[in-house]
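Enquirer: no letters, just coordinates:
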């Protein structure tokens with residue numbers, strides 16, 4: 001596909017500046033969402049070419065292409081665009097560390113109010129009253145015994 005040199009340079013400049021490029025999988029889109037002077041098809045074709053030369057890595061997810069510039073790609077674009085060697089993409093720059101600010105210590109929450117345990121009127125009962133019944137799949141049901149004979153209960157007289 002023949003792509004005008006101005007469009008090719010615009011794509012290369014953007015890629016070298018940012019280090020990443022995204023494009024929706026839409027071949028009929030008139031303009032690329034990030035680079036306005038270029039059609040989406042031109043971006044897709046140039047990035048396809050850069051991918052085949054291993055200058056970018058491609059990820060496709062949710063109908064969008066994501067390209068990340070490799071170190072080999074940075075060298076190629078720097079030589080092609082004739083920029084100084086110190087220019088690196090935004091994704092390759094080391095983050096500057098923020099100066100740490102010492103903060104005064106403040107305890108969290110209302111620990112002063114909760115110095116003691118629970119109140120005196122709180123007395124939960126977690127045990128079950130009555131005989132312990134077995135639980136699980138292997139246990140017999142209430143009223144059944146391990147033998148096959150059934151026992152009948154006699155009514156109590158008051």
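Expert: Here it is on my side, so go on. What you see is a predicted model, and the numbers here were worked out from it, not measured in a lab.
Enquirer: the residue sitting nearest the centre point of the chain bridge partners, please.
Expert: Nearest to the mean C-alpha position of the chain, by C-alpha atoms, centre = their mean, lies residue 61 at 13.5 Å. Beta-bridge pairing for residue 61 (DSSP bridges): residue 64.
Enquirer: need the pLDDT of it.
Expert: In this model, residue 61 is scored at 94, pLDDT.
Enquirer: gap between it and residue 84?
Expert: 35 Å (C-beta to C-beta, to the nearest Å). C-betas here are computed from N, CA, C, even on glycine.
Enquirer: for the residue nearest to residue 72 when sequence neighbours are not counted, phi and psi?
Expert: Of all residues not flanking residue 72 in the chain, residue 55 sits nearest, at 5.8 Å (C-beta to C-beta, 6 or more residues apart in numbering). Per-residue torsions, residue 55: phi -90, psi -20 (degrees, to the nearest 10).
Enquirer: report the contact partners of residue 50.
Expert: By C-beta atoms under 8 Å, 6 or more residues apart in numbering, the contact list for residue 50 reads 15, 56, 67, 73.
Enquirer: quick revisit: list the contacts of the residue nearest to residue 72.
Expert: With contact set as C-beta under 8 Å, 6+ apart, residue 55 has these partners: 69, 70, 72, 73, 76, 77.
Enquirer: so the last one sits against residue 14, correct?
Expert: No: here residue 77 does not reach residue 14: they are 10.3 Å apart, not a contact under C-beta atoms under 8 Å.
Enquirer: neighbour count winner among the two?
Expert: Ranked by neighbour count (other C-beta atoms under 10 Å), residue 77 and residue 14 place residue 77 first, with 21 against 17.
Enquirer: would the more buried one count as being in a helix?
Expert: Yes: according to DSSP: H, G, I helix; E, B strand; the rest coil, the state of residue 77 is that of a helix.
Enquirer: how about it: what's its closest non-neighbour residue?
Expert: Leaving aside its chain neighbours, residue 77 sits nearest to residue 16 (4.4 Å; criterion: C-beta to C-beta, 6+ apart).
Enquirer: what's the neighbour count on that neighbour?
Expert: Around residue 16 there are 21 other residues, counting by other C-beta under 10 Å.
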